[in-house]
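what follows is a predicted protein model with its sequence.
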Amino acid sequence: MNKVRGDPASGVGSSGATGFRVDAWRKAAVVFVGLVLFIALGVSTVYRAGPHCFGGKTWGSKVHRSDFTVYRASGQAVLDGTNIYDAHNVRDWYYMYLPVFSLAMVPFALLNQFWASLLWYLLSVLMLWQTVYVSVRLVRRYVPDCRIGSFWLYSLTLLMVLWPAMSGLAR
């Protein structure tokens with residue numbers, strides 16, 4: 001039997017099962033920090049796409065500080081039958097992407113700004129997670145003797161793309 005440090009079944013570690021509990025606390029801390037980042041970035045992203053009105057109260061940025069508002073305006077231009085390249089937000093940011101992307105934005109134009117920006121953020125997070133998942137699967141396939149546990153491999157992969165991913169998710 002191979003004995004692995006920190007594995008409670010092997011009995012190896014600085015203090016037996018205590019080493020395993022420390023690892024569980026580390027994992028819990030990583031998950032907690034990840035959830036806090038996910039929620040904080042989501043609130044920031046939706047806030048920046050504001051202002052949003054709820055029952056007479058306004059919440060969100062007074063000026064649209066998000067690219068998403070331009071994407072959504074292009075979807076509205078498709079619905080209105082107007083030129084998508086004339087679509088812009090309140091900051092005069094004009095739409096300048098491919099027409100097919102405007103078609104993809106039509107469902108978001110049917111929703112109010114708050115729900116559309118929240119859905120956009122959640123879909124972006126889902127796509128990020130899928131990218132990380134595929135990356136880990138590729139590592140497992142092409143580096144079969146990789147000894148990093150799955151949790152830490154996912155964490156490391158996400159950490160490596162964290163900065164550009166946060167910038168992209170905040171759009």
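Received it, and whenever you're ready, just let me know what you need.

buried stuff in the helix of greatest length in the chain?
Longest helix in the chain, counting residues (DSSP state H): helix 17-48. Residues 19, 23, 30, 41, 42, 44, 45, 46, 47, 48 are the ones in helix 17-48 that count as buried (16 or more other Cβ atoms under 10 Å). Every residue, glycine included, has its C-beta placed from N, CA and C.

next one: stretch 99-113
In stretch 99-113, counting by 16+ other Cβ under 10 Å, buried: 102, 105, 108, 109, 113.

chain center to it: distance?
19 Å (Cα atoms, centre = their mean, to the nearest Å).

other residues contacting that stretch?
Stretch 99-113 is touched from outside by 49-50, 52, 68-69, 71-79, 84, 87, 95, 116, 119-120, with contacts defined as Cβ atoms under 8 Å, 6 or more residues apart in numbering.

for stretch 136-149, same thing?
By Cβ under 8 Å, 6+ apart, stretch 136-149 touches 150, 153, 154, 156, 157.

tell me how far the nearest residue to residue 54 once chain neighbours are set aside lies from residue 29.
Spatial nearest neighbour of residue 54, chain neighbours left out: residue 114 (7.8 Å); criterion: Cβ to Cβ, 6 or more residues apart in numbering. As judged by Cβ to Cβ, to the nearest Å, residue 114 and residue 29 stand 32 Å apart.

I'd like the distance from stretch 27-41 to the chain centre, please.
12 Å.

run through who's touching it.
Counting by Cβ under 8 Å, 6+ apart, 121, 125, 151, 155, 158, 166, 169, 170 sit against stretch 27-41.

quick one: the strands in this structure?
52-54, 57-59 (DSSP state E).

show me which of the contacts of stretch 136-149 are buried.
Buried among those (16+ other Cβ under 10 Å): 153, 154, 157.

need the contact list for residue 154.
132, 133, 136.
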